[in-house]
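# The following comprises the amino acid sequence and a computationally predicted model.
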Amino acid sequence: MVIKVFLASSSGSTAIKKKQQDVVGFLEALKIDYAQLDIASNEDNRMWMRENVPGEKKPTNGIPLPPQIFNEEMYCGDYETFFEAKEDNTVFEFLGLTPPPGSKEAQQAENAQKLHNGSGTEEHLDDDTTKKEIAETEQNGDAHIAELEEDDSIKAETDAQEHIAGEEEPAEEDEESRKPAEEEEQEEGEEDREEEEQASEED
């Protein structure tokens with residue numbers, strides 16, 4: 001894969017020249033292979049660049065300004081997007097290239113991968129913990145319900161016993177109340193017999 005940089009060698013704009021030098025100099029510093037395609041001296045280069053720059057990247061007049069960067073046929077971006085990638089240490093990603101081992105971008109990608117894997121593991125652990133807590137809660141809930149049911153059955157049995165005892169007590173009271181009445185009747189009977197005996201003696 002070859003990085004293509006479309007630029008204008010005879011541009012009269014100082015700003016454009018500075019941007020072109022910035023892109024080329026940074027690619028050389030990173031030792032990235034690239035090809036300079038001059039649109040000022042080559043009409044085919046100019047037409048190819050205009051046709052392959054996406055519509056949303058073109059200015060209102062429809063003519064994109066250099067520098068424009070491609071990876072073979074794939075559009076990478078203009079100077080503004082290149083500068084953002086440069087500031088974020090993501091130039092290789094911007095160009096569609098694999099960062100070399102030991103580079104800042106490679107380290108960032110590795111750290112991002114570790115962070116992603118770590119968070120995934122942590123989320124998995126959290127899921128397991130949550131499931132375990134839910135299971136324990138359900139078990140505790142079932143045990144609590146069983147305790148409540150047992151308490152209710154004990155209470156019902158106690159109430160029944162108290163009710164039966166309450167019914168038996170009046171019977172004992174009736175029996176006790178009958179005893180004095182019987183004794184009174186016996187006493188009255190004895191008094192009547194004594195009076196009759198006395199009356200017969202007087203006769």
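Alright, I've got the coordinates.

# where do the strands sit along this structure?
Secondary structure of the chain by DSSP state E: the strands cover 3-7, 34-38, 68-71, 74-78.

# Let's have the ones you listed in JSON lines, adding mean pLDDT and mean neighbour count.
For the C-beta atoms, the positions are set from N, CA and C on the backbone; glycine is no exception. JSON lines is the format used below for those (pLDDT from 0 to 100; neighbours: other C-beta atoms under 10 Å):
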{"stretch": "strand 3-7", "mean pLDDT": "97", "mean neighbour count": "22"}
{"stretch": "strand 34-38", "mean pLDDT": "97", "mean neighbour count": "15"}
{"stretch": "strand 68-71", "mean pLDDT": "98", "mean neighbour count": "22"}
{"stretch": "strand 74-78", "mean pLDDT": "97", "mean neighbour count": "18"}
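
# Let me have those in CSV, adding distance to A106 as columns.
Output for these, formatted as CSV (distance: least, C-beta to C-beta, whole Å):
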stretch, distance to A106
strand 3-7, 18
strand 34-38, 20
strand 68-71, 18
strand 74-78, 19
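
# Any idea which of those strands gets closest to M49?
strand 3-7 (4.4 Å; C-beta to C-beta).

# Now do the closest one: which elements does it pack against?
Contact analysis of strand 3-7 by 3 or more C-beta pairs under 8 Å, 6 or more residues apart in numbering; DSSP states H and E lists helix 14-29, strand 34-38, strand 68-71 as its packing neighbours.

# contacts for stretch 55-74?
1-8, 11, 16, 19-20, 23-24, 39, 49-50, 52-53, 75-79, 82, 95-97 (C-beta atoms under 8 Å, 6 or more residues apart in numbering).

# among the helices and strands packed on strand 3-7, which is nearest Q108?
Here helix 14-29 is closest among these (C-beta to C-beta), at 17.3 Å.

# Show residues contacting the closest one.
Defining contact as C-beta under 8 Å, 6+ apart, one finds that helix 14-29 is touched by 3, 5, 7-8, 11, 34, 36, 65-67, 69, 79, 82-83, 86, 91.

# please redo it, this time with the cut-off set to 7 Å
Around helix 14-29, the neighbours that count as contacts under C-beta atoms under 7 Å, 6 or more residues apart in numbering are 3, 5, 7-8, 11, 34, 36, 65-67, 69, 79, 82, 86.

# Using neighbour counts, pick out the buried residues of it.
16-17, 19-20, 23, 27 (16 or more other C-beta atoms under 10 Å).

# Likewise for stretch 93-112?
Neighbour-count burial for stretch 93-112 flags 93-95, 97, 99, 105, 109 (criterion: 16+ other C-beta under 10 Å).

# Make CSV from these and add pLDDT to it.
Converted to CSV, the buried residues of stretch 93-112 look like this (pLDDT from 0 to 100):
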residue, pLDDT
E93, 95
F94, 97
L95, 97
L97, 95
P99, 91
E105, 83
A109, 77
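
# Keep only those of those residues that are in helices.
Residues from those lying in helices, with DSSP state H as the criterion: 93-95, 105, 109.
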